[in-house]
Structure formats: C-alpha cells, structure tokens
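Student: Turn this into a structure:
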Amino acid sequence: MSTDSDTELDREPDTERADTEHPAQTDEDAERNKTEADTQAEPARDASDEDSTGEPSLTDDVPDEPPASFQAAIRASHLKNVLSPLRALVDEARVRITGDGLTVRAVDSANVAMDDLELGAAAFESFEASPGTLGLDLDRLADPVGLASKDDLIQLYLDPESGKLIVLVDGLRYSLACLDATTIRAEPTLPEFDLPATVNVNREALQRGVKAADLVADHIRIRMEDGGEALVVKAEGDTDTVTLELDGDDIDIVTAGDASALFSLDYLKKLVRTIPKGTTVTIDLGQSFPLILSYALAEGEGTITRMLAPRIET
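Tutor: Model (predicted):
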C-alpha cells in the first residue's frame, strides 16, 4: 500500500516481526499469546474492506449482472463532468443502475483517493432502466463522448443481443463492449467522519492555492484555526515557502474548527483539475484526517464526494 496516509482510507500494517528465537513456554502461555496476537496484530484494513464501518455498500441492492434494459439520453456537458473526475483515479468502474439513476464508487490503486458519485434520473433528458451493473472502460467511453459539443444530446442504450453499450451522438454510432463487472475491483465502503472544519470555496480559489503550492513543493498543507476566518494553504520546499489565505469573498465558513493535514499535491491537482469551472466546493477537514471535497453535478441533480488521504508526517 501507499504510504501517503495512516488513516482508514490507506494505512500500512505493522511489518515489524518478532525475534526468531523464543523462550520456552507452557501450553497456557502459548494459548494466551495466540489470543493476544489475534486481537493486537490484526492487519490494517483498506478502504475496500467489506466489514469497515461507514455507509452501506452500493452492492447491497443492485445485482452484478447487466440490467435487462437500459436506455437514456443526457447532455454531453453533464456526462463529461461525470467521466472526468472518475478517469482521474481509475480506468474501469462498476456503474450501478436502478430506475432512480446511477451510482459509481471507486478508489485508486494506491488507496489514496476515492470518488463516490450519484447521478439521479432527473439529470437525464430521458431515463429508463432496470436494476443491474455495467462494467465500463471509462477511457473508451470518453472517446465518443469527447467528440460531442457541450450542448449535444448523447443517447445511450444497452443492446440486449450483443451486450454492448451503444453511444449515439451527432450522427455517430459507437458500440462499446462492456466488461465483466465482477472482474473490476469491488467498491469500497465509504468511511464516515465527523470533522471539525467545513467551508464552501469556489473552485478557482482552490485551484489558485494548488498552483501556488506547486511552485515550491510536492505536498500541500491545508489548515484552519478554531474560530478562524480563513482557510490557509501552505507549501514548504527545500528553500522556499508559499502561503495563501482564502477568506472574505473566496470562502463561506460553515464550521471553523481546529484542523490541519498534509496532502500529496499530485493527487490534489488531479482532483481539483477535474472539478467543473465555477463550481462551489464544500471542504471538510480534520486533524490528519482525509480531505473531503463535495460538489453538485448536472445542475444539482447529481453529487460527488471525493476523499484524499493525508500524508504520513515524520
């Protein structure tokens, strides 16, 4: 696992081993030691553990098999804003479909960043579906979608004979072979956190902080003081330091609590870059807890929650 975090989202198990020679022990000692080892040396769980605490898995009610029927139409801009953040983290995903819309939850291969996305049926111009799961190569789906203008209408339907997803856009017909959803990494459990600091910030202000940090370092600290009026972004390189205070018109403070954590700048750049321009982002922050970014999609008919695990500070 990556060493970018010591939180539930990504934590390395203790690899330290006992000495190879042991003193003689009785049967009672051996049983007691075994019990202690079982309770104290349990490997750390990653974000995909089925029994992790948090919200129920998306797999609870939706079967892994493709839906018996799926047909929808959506504006190209909405679909692009769905694919862009997901593709920043993963190449393939399980898309869970019901009559109420679709959901995608995915974590990157290093267990450092996670997306949890919901798109309601109202985000589509038309939407008819039975419950099921599509395994999709997101990059291949993005190819025909990328040919559409933002106001173009993209039609999607599942061909029951071939099992392919048909993409129709501006006279183009693209047949996309679906993947076996069970071969794609299962969705992780979404951890629940009660974090002390919450602010709403414009995407452009957040992007400015990320670009400033990128001038001097490969990591970025985000912090807030209890009762403070600013969200502080700071980066320290070998010789130079950058500090940016976001306050006033840049942010709307919901809860001002003590919070500070260090994050990988490479990962944060991926997350912020794929947020649509002009979007208001809700940031939840704690003391060395994951950074949570949430914002609306498709004119409020969808939402995405993005988590980034903190770096281990030595």
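Student: tally of neighbours for the residue lying closest to Gly120 once chain neighbours are set aside?
Tutor: Excluding the flanking residues, the one nearest Gly120 by Cβ to Cβ, 6 or more residues apart in numbering is Gly101, at 4.2 Å. Where C-beta positions appear, they are placed from N, C-alpha and C, glycine not excepted. Neighbour count of Gly101, defined by other Cβ atoms under 10 Å: 20.
Student: how far is the host helix or strand of Val199 from where the chain is centred?
Tutor: Following DSSP states H and E, the helix or strand that holds Val199 is strand 197-202. Computed by Cα atoms, centre = their mean, to the nearest Å, the chain-centroid distance of strand 197-202 equals 18 Å.
Student: which strands and helices sit next to the next helix-or-strand element following that strand?
Tutor: Per DSSP H and E, the first helix or strand lying C-terminal to strand 197-202 is helix 203-213. The contact analysis (3 or more Cβ pairs under 8 Å, 6 or more residues apart in numbering; DSSP states H and E) places helix 203-213 against strand 219-224, strand 231-236, strand 241-246, helix 265-273, strand 280-285.
Student: most neighbours per residue, which of those?
Tutor: Mean neighbours per residue, mean count of other Cβ atoms under 10 Å, is largest over those for strand 219-224, with a mean of 22.
Student: for it, the distance to its chain's centre please.
Tutor: Its chain's C-alpha centre and that of strand 219-224 lie 19 Å apart, by Cα atoms, centre = their mean.
Student: tell me the angle of that strand relative to helix 265-273?
Tutor: Here strand 219-224 runs at 60 degrees with respect to helix 265-273, directions being taken by axes from the mean of the first three to the mean of the last three Cα atoms, to 10 degrees.
Student: Give the full set of residues in contact with Leu86.
Tutor: Applying Cβ atoms under 8 Å, 6 or more residues apart in numbering to Leu86 gives the contacts Ala93, Val104, Ala106, Asp115, Leu117, Leu138.
Student: I'd like to know how many residues surround the closest residue to Gly227 other than its chain neighbours.
Tutor: Nearest residue to Gly227, sequence neighbours excluded (Cβ to Cβ, 6+ apart): Ala256, at 5.4 Å. Neighbour count of Ala256, defined by other Cβ under 10 Å: 18.
Student: swap in Thr274?
Tutor: Number of residues near Thr274 (other Cβ under 10 Å) recorded here: 18.
Student: The one 5 residues further on too?
Tutor: For Thr279, the count of nearby residues is 15 (other Cβ under 10 Å).
Student: I'd assumed Arg203 was in contact with it.
Tutor: Yes. The pair Thr279 / Arg203 is scored as a contact, 4.6 Å apart, by Cβ atoms under 8 Å.
Student: list residues touching both of these two?
Tutor: Counting by Cβ under 8 Å, 6+ apart, the contacts common to Thr279 and Arg203 are Tyr295.
Student: Please name whichever of the helices and strands packed on helix 203-213 is nearest to Leu168.
Tutor: Across the helices and strands packed on helix 203-213, Leu168 has its closest neighbour in helix 265-273 (28.9 Å, Cβ to Cβ).
Student: Identify the residues contacting that closest one?
Tutor: Helix 265-273 is contacted from outside by 4, 85, 88-89, 112-113, 203, 206-207, 210, 213-214, 217-220, 235, 291, 293, 306, 308, using Cβ under 8 Å, 6+ apart.
Student: one more time with 6 Å
Tutor: Defining contact as Cβ atoms under 6 Å, 6 or more residues apart in numbering, one finds that helix 265-273 is touched by Ala88, Val112, Ala113, Leu206, Gln207, Val210, Ala213, Asp218, His219, Ile220, Arg306, Leu308.
Student: so it versus helix 203-213, what angle?
Tutor: Going by the same axes, to 10 degrees, helix 265-273 makes 160 degrees with helix 203-213.
Student: need the contacts of helix 265-273 in TSV with pLDDT and distance to Asp61, can you?
Tutor: Converted to TSV, the contacts of helix 265-273 look like this (pLDDT from 0 to 100; distance: Cβ to Cβ, whole Å):
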residue	pLDDT	distance to Asp61
Ala88	97	28
Val112	97	28
Ala113	97	26
Leu206	96	35
Gln207	97	37
Val210	97	37
Ala213	97	41
Asp218	95	41
His219	96	40
Ile220	97	38
Arg306	98	24
Leu308	98	28
